[in-house]
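Peer 1: Build me a model:
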Amino acid sequence: MKQIPSTESLTCEFKSDRKCLPDRELIEAVVCMANGEGGEVYLGVEDDGRVTGLHEKHHFLEGLAAMIANRTQPTLRVQVESLVVDGLPVARISVPKCGQPVATNEGLLKRRRLQANGQPECVPYLPHEFASRQASFGLLDVSAQPLAGALASDLDPIERVRLRRFIERFNGDHALLELDDAQLDAALGLTVRAPGGGYLPSLTGLLLIGHEASLRALVPTHEIAFQILEGEEVRFNEFSRAPLLRAFEWVETLFKPLNTEREFQSGLFRVPVPRLDQRAFREAIANAITHRDYMQRGAVHVRLSGDTLTISNPGGFVEGVTLNNLLVTEPRPRNPALADALKRIGLVERTGRGVDLIYRGLLRYGRHVPDFSASDGYSVVLSLSLAAADEAFLKVILEEEARGHKELPVDSLIVLAALREQRRASSEQLAAYIQKEASRVTGTIETLVEAGLLQAHGAGRGRTYTLSPNLYRLLGEQSEYILQAGFDRLQQEQLILGFIAQNGGITRKDVMRLCRLTTSQAYKLTKQLCEDGILEKQGFRKDSIYRKR
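Peer 2: Predicted coordinates for the structure are as follows:
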């Protein structure tokens with residue numbers, strides 16, 4: 001017997017069929033789901049989740065998928081599966097998420113969304129929302145399109161000078177500096193050829209070098225906010241609608257006095273330790289303005305509160321990017337033309353792996369990993385820790401990089417950060433932090449073992465890792481190593497015998513908790529103690545108890 005969800009959600013809808021649901025209403029529900037996040041429509045289930053079954057006219061489901069395909073534009077391919085729930089027939093219709101708008105043959109367009117109370121609803125799918133959705137699927141580059149109503153005079157020569165200065169400052173594509181203004185605009189996609197001849201500004205052009213007044217009139221969604229909070233009090237709250245490059249300088253200027261820096265001695269050199277790595281800050285801001293949805297209202301927010309800097313932008317992750325593949329997925333900018341222009345200017349990382357720079361900028365200073373967990377389908381929210389740097393850890397990283405004559409890979413920094421937090425982990429657990437398969441992270445882990453930064457415990461599937469005793473010593477945390485590395489065989493034996501003396505016997509689960517062992521390690525230890533005549537086993541399998549012989 002198959003189960004169905006207990007309640008409706010963004011990706012699950014129940015439809016009653018007691019009175020034979022009209023085809024028109026079923027098509028409308030399927031279209032609404034396709035224009036949302038996709039999901040499943042259960043026919044034969046009441047809104048409250050009670051199963052009442054299919055009407056007799058819907059017992060034969062063979063033609064249902066064809067009927068849906070014939071009555072939607074463009075043709076929507078669904079999968080229909082017959083279920084039996086509580087002895088009653090139910091149809092499960094699996095609906096794909098579509099990038100292009102899907103309508104009924106009558107021209108009805110709706111999309112599924114969540115209300116403020118968390119309940120799903122179907123609302124009209126309006127034409128101005130099409131471009132935003134297509135951009136999230138990579139089907140349309142809004143930033144490369146000519147902007148309706150924009151003229152060549154809307155581009156500001158002063159901002160173009162600023163752009164050239166940015167290329168020099170950030171070591172961008174210096175070949176651009178040899179071009180005249182018209183060639184520069186065309187090379188960066190700031191202008192596009194108009195159907196009647198001549199060139200008109202693109203959205204990218206207006207965002208980068210447009211007059212502020214033109215931006216306010218033609219791109220009203222563009223806005224950047226800088227806020228400083230102290231508890232419940234707002235100490236600073238300013239907004240800018242200046243062109244992106246000028247707005248970027250404005251944010252940098254505001255943050256600079258807040259990004260205090262100290263130094264510490266490492267060998268013969270004085271090492272600066274900023275509150276936040278400047279490259280990480282720059283990349284985080286650039287990512288927010290590059291990947292935001294310019295079809296949605298709302299500002300890019302840069303908010304400082306205590307020891308946390310939060311940067312958020314309208315528009316969730318694009319299709320194919322999730323919290324679980326953020327580190328490994330291929331670059332998928334929402335606004336490719338804008339992203340390409342910023343890369344050539346030098347403002348963002350040229351390989352498109354700016355997220356690695358953000359991770360590196362925090363982890364090498366011993367701070368927490370960047371936190372994207374507050375992101376949802378409507379916005380991306382990045383929280384960066386500004387907590388005091390761990391100078392002892394940074395010194396270890398600098399020494400290892402000097403020894404290897406290269407920066408420590410970001411995967412290695414993530415592994416070290418994970419073990420500082422979790423203390424002990426298997427290769428599978430560490431692979432989850434790096435968002436790769438375990439087989440692909442083995443080399444990274446073993447390299448750290450060979451470098452003396454990690455220590456391996458056990459063998460085979462039970463093999464686990466901790467920070468090495470030398471690293472704990474350099475960090476001034478020698479006692480932590482003893483707690484996490486576990487005990488040697490003699491210590492384990494004495495712990496087990498002491499437990500038996502107090503409780504009369506011990507189970508394998510008790511051994512695992514007492515000696516900090518995995519299931520396989522506890523099995524091998526108890527088996528060896530039995531073979532050595534120290535313990536005897538009573539019972540079988542899960543009911544086994546070990547007592548002193």
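Peer 1: low pLDDT regions in this structure?
Peer 2: Applying pLDDT under 70 to the chain flags the ranges 1-2, 350-352, 477-490, 542.
Peer 1: Centroid-nearest residue for this structure?
Peer 2: L323 (2.9 Å; C-alpha atoms, centre = their mean).
Peer 1: Does that residue touch A374 like I think?
Peer 2: No - with contact defined as C-beta atoms under 8 Å, L323 does not reach A374; the gap is 10.3 Å. Quick note: C-beta positions are derived from backbone N, CA and C, even for glycine.
Peer 1: Show me what the one helix or strand A339 maps to is packed up against.
Peer 2: According to DSSP states H and E, A339 maps onto helix 336-345. If contacts are counted by 3 or more C-beta pairs under 8 Å, 6 or more residues apart in numbering; DSSP states H and E, helix 336-345 sits against helix 157-169, helix 203-209, helix 278-291.
Peer 1: Return the set of buried residues in stretch 232-250.
Peer 2: 240-248 (16 or more other C-beta atoms under 10 Å).
Peer 1: How many residues are close by K110?
Peer 2: 21 (other C-beta atoms under 10 Å).
Peer 1: for it, which residues make a bridge with it?
Peer 2: Bridge pairing for K110 (DSSP bridges) gives the partners P124.
Peer 1: That one contacts N35, correct?
Peer 2: Yes - K110 lies in contact with N35 (C-beta under 8 Å); the separation is 6.5 Å.
Peer 1: Name the residues contacting each of these two.
Peer 2: Y125 (C-beta atoms under 8 Å, 6 or more residues apart in numbering).
Peer 1: need the contact list for A182.
Peer 2: So A182 contacts 191, 199 (C-beta under 8 Å, 6+ apart).
Peer 1: Need the phi and psi values for it.
Peer 2: phi -60, psi -40 (degrees, to the nearest 10).
Peer 1: now E252
Peer 2: Per degrees, to the nearest 10, the backbone of E252 is at phi -60, psi -40.
Peer 1: Without its sequence neighbours, what residue ends up closest to it?
Peer 2: R282 (7.6 Å; C-beta to C-beta, 6 or more residues apart in numbering).
Peer 1: And for the one you found, the neighbour number?
Peer 2: 22.
Peer 1: Verify the stated contact: it with L347.
Peer 2: Yes - the pair R282 / L347 is scored as a contact, 7.3 Å apart, by C-beta under 8 Å.
Peer 1: Residues contacting the helix holding A339, please?
Peer 2: Contacts to helix 336-345, defined as C-beta under 8 Å, 6+ apart, come from residues 141, 143-144, 163, 166-167, 170, 172-173, 176, 187-190, 202-204, 207-208, 245, 286, 290-291, 331, 333, 348-350, 352.
Peer 1: same thing with stretch 223-243?
Peer 2: In contact with stretch 223-243 (C-beta under 8 Å, 6+ apart) are residues 156, 159, 206-212, 215-216, 222, 246-247, 250-251, 254-255, 258, 289, 298-306.
Peer 1: Which strand or helix spans I496?
Peer 2: When secondary structure is defined by DSSP H and E, I496 falls within helix 489-503.
Peer 1: now V381
Peer 2: strand 379-385.
Peer 1: Can you list the buried residues in the next helix or strand after that strand?
Peer 2: Using DSSP H and E, the helix or strand that follows strand 379-385 in sequence is helix 391-404. For helix 391-404, burial by neighbour count (16+ other C-beta under 10 Å) applies to 391, 393-398, 400.
Peer 1: how big is the angle separating whichever strand or helix holds E446 from helix 391-404?
Peer 2: Remark: E446 resides in helix 438-450, with elements defined by DSSP H and E. Interaxial angle, helix 438-450 versus helix 391-404 (axes from the mean of the first three to the mean of the last three C-alpha atoms, to 10 degrees): 90 degrees.
Peer 1: just how off-centre is the strand or helix carrying T526 within its chain?
Peer 2: Here T526 is covered by helix 519-531, with elements defined by DSSP H and E. Taking C-alpha atoms, centre = their mean, to the nearest Å, the mean C-alpha location of helix 519-531 is offset from the chain mean by 41 Å.
Peer 1: In it, which residues are buried?
Peer 2: Applying 16+ other C-beta under 10 Å to helix 519-531 flags 521-522, 524-526, 529 as buried.
Peer 1: Out of those residues, flag the one nearest to L453.
Peer 2: Nearest to L453 among the buried residues of helix 519-531, counting by C-beta to C-beta, is Q521 at 22.9 Å.
Peer 1: which one is that closest one nearest to, not counting chain neighbours?
Peer 2: Q521 sits nearest to G462 (C-beta to C-beta, 6+ apart), 4.9 Å away.
Peer 1: on that earlier part again, just the helices and strands packed on helix 336-345: most buried one?
Peer 2: helix 203-209 (a mean of 28; mean count of other C-beta atoms under 10 Å).
Peer 1: what does it contact?
Peer 2: 142-145, 147, 150, 154-156, 159-160, 162-163, 185, 188-191, 214-215, 218-219, 222, 243-245, 294, 335, 337-338, 341.
Peer 1: In ChimeraX, select just the buried ones from the residues you listed.
Peer 2: Applied in ChimeraX, the following selects the buried portion of the contacts of helix 203-209 according to 16+ other C-beta under 10 Å:
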select :142,143,144,147,150,154,155,156,159,160,162,163,185,188,189,190,191,214,215,218,219,222,243,244,245,294,335,337,338,341
